[in-house]
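A.B. asks: Everything below, folded, please.
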Amino acid sequence: KESNSRVPERPVVFAKFANALAHPGDTITWYADASQQVDWEAELGVVIGKPCYRVSTEEALSYVGGYTCVNDVSARDIQRTDSAGQFTLGKTFDGFCPVGPCLVTADEIPDPQNLDIRCIVNGKVMQSSNTREMIFDVATLVSHLSRFMTLMPGDLIATGTPPGVGMGMKPPVWLQDGDEMTVEIEKVGAITNTCRVL
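C.D. replies: Residues are numbered from 1 along each chain as shown. Below is the predicted model:
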């Protein structure tokens, strides 16, 4: 609703590559001439625990090794305004996928669809929701992806973000040099990163 997009009939999928991974506490850095519309996205991260191919939704959660916090940092001016719709390019700048601070094993979270999730930017809560609001639940996402590719141990699925991203504000709010963003997920933890614009 926030992005004025129709609800998709199946999950929208894009890739973030290994260069995008960042640790808790890392400074997330980008060049001003690459993007001036960088945004935050608090997301539940699902880490695959064993090889997974063409599994049903009923058995999908048994292939999950654990959960973590993900910030799907996104360059909106690349992702959305380019005539080609560069989702992957806009989301896979170096450092644009902070993950952590730990992996909480799946047995500690029997129901991933009832976790409070927040993003706090410079001390202000920007996103506040619960994973029960996800369009596609974790089991559906794992099952759907496994129809097309073998998911391997350590593979990370970022599950989508709730309302409250900067792009959805009126006027939009973009991350600036020195900003601090924290993703918090109930029972999982919190990851904080600062921003540096070059």
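
A.B. asks: For the chain, just list every one of the helices.
C.D. replies: 57-60, 76-79, 87-91, 138-146 (DSSP state H).

A.B. asks: Rebuild those helices as JSON lines, extending it with mean pLDDT.
C.D. replies: Below are these laid out as JSON lines (pLDDT from 0 to 100):
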{"stretch": "helix 57-60", "mean pLDDT": "98"}
{"stretch": "helix 76-79", "mean pLDDT": "91"}
{"stretch": "helix 87-91", "mean pLDDT": "90"}
{"stretch": "helix 138-146", "mean pLDDT": "98"}
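
A.B. asks: Relative to Glu108, which of those is closest?
C.D. replies: helix 138-146 (14.4 Å; CB to CB). Backbone N, C-alpha and C define where each C-beta goes, glycine included.

A.B. asks: Buried residues of the closest one, list them for me.
C.D. replies: Residues of helix 138-146 classed as buried by neighbour count (16 or more other CB atoms under 10 Å): 138-139, 141-143, 145-146.

A.B. asks: so which of the residues you listed would you say is closest to Trp174?
C.D. replies: Distances from Trp174 to the buried residues of helix 138-146, taken by CB to CB, are shortest for Leu141, at 28.2 Å.

A.B. asks: circling back to that earlier point, ok, which of the helices of the chain comes nearest Val104?
C.D. replies: Nearest of the helices of the chain (CB to CB): helix 138-146, 13.4 Å.
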